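In: Turn this into a model:
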Amino acid sequence: MNYFFTADEHYYHTNIIKYCHRPFKDSTEMTEVLIQNHNKIVRSGDVTIHGGDFCFLKHRSQITRLVEKLNGSHIFVRGSHDKWMDKTFHEIWEKTFDNKHHIVVCHYALLVWPRSHYNSYHLFGHSHGGLNSIINLKEIQGKRYDIGVDNNNFYPVSLDQVVEIMKNKPDNFNCVKTRT
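Out: Model prediction:
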């Protein structure tokens with residue numbers, strides 16, 4: 001079983017194409033490509049954590065049909081457009097992998113997050129790749145990454161990719177190892 005992370009798919013959201021300059025003629029084409037890309041790398045036994053702004057559908061039956069088209073099982077973190085989610089969905093999701101990689105997923109980029117002082121990883125969406133230049137500022141660098149589809153060629157990111165990305169990032173500014 002592998003884990004994958006993604007956010008800001010905005011399935012069936014027409015205006016996101018214009019807002020984020022996505023290379024699709026309409027929301028149907030965008031949705032089809034996102035589903036194909038997901039299914040190219042995610043297998044039936046895998047788990048995908050969706051970090052918010054999943055879709056622009058209102059009826060539960062439509063959302064269920066959409067999720068059924070995606071390989072694997074799914075964990076949803078509430079985003080700013082996820083009106084379809086009730087209070088049983090996550091605001092923040094976290095898990096430790098291999099007793100060493102603690103990952104925290106929230107729709108929003110956080111300055112500090114659970115266990116950030118122990119160098120945990122923070123994965124987020126919402127910014128559609130727009131925070132990359134800000135996050136490179138020395139004062140707020142750390143083990144964080146935008147998992148939104150706009151930042152990842154419209155594909156989910158695997159756990160192995162996340163670990164590799166984080167190797168090249170500096171420690172979190174509040175990491176206890178760096179305090180004097």
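In: just checking, next helix/strand downstream of the longest helix seen in the chain?
Out: Identified as the longest helix of the chain according to DSSP state H is helix 27-41. With elements assigned by DSSP states H and E, the helix or strand that comes after helix 27-41 is strand 47-50.
In: what comes into contact with the following helix or strand past that following strand?
Out: Downstream of strand 47-50, the first helix or strand assigned by DSSP H and E is helix 60-68. Applying CB atoms under 8 Å, 6 or more residues apart in numbering, the external contacts of helix 60-68 come out as Tyr11, Tyr12, Thr31, Phe54, Cys55, Leu57, His74, Trp84. Placement of C-beta: from N, CA and C, glycine included.
In: so where is this protein shaky, pLDDT-wise?
Out: The model of the chain has pLDDT under 70 over residues 132-140, 177-180.
In: Show me the helices in it, by range?
Out: 15-19, 27-41, 60-68, 132-135, 159-167.
In: still on that earlier bit, most neighbours out of the contacts of helix 60-68, which is it?
Out: Among the contacts of helix 60-68, the one with the most neighbours (other CB atoms under 10 Å) is Phe54, at 28 neighbours.
In: how about that one, what does it touch?
Out: Glu9, His10, Tyr11, Ile63, Phe76, Gly79, Asp82.
In: separation between the first one and Phe54?
Out: Yep, that's Glu9 we're talking about. Distance from Glu9 to Phe54, counting by CB to CB, to the nearest Å: 6 Å.
In: before we move on, what about the second one?
Out: Spatial separation of His10 from Phe54 under the definition CB to CB is 8 Å.
In: before we move on, what about Gln62?
Out: Remark: distance between Gln62 and Phe54 (CB to CB) = 12 Å.
In: Then Gly72?
Out: Taking CB to CB, one finds Gly72 at 14 Å from Phe54.
In: Over to Met30?
Out: Per CB to CB, Met30 is found 13 Å from Phe54.
In: got it, and Leu123?
Out: Between Leu123 and Phe54 the computed distance is 15 Å (CB to CB).
In: Quick check: Ile103 touching Trp113?
Out: No - counting by CB atoms under 8 Å, Ile103 stays clear of Trp113, with 9.9 Å between them.
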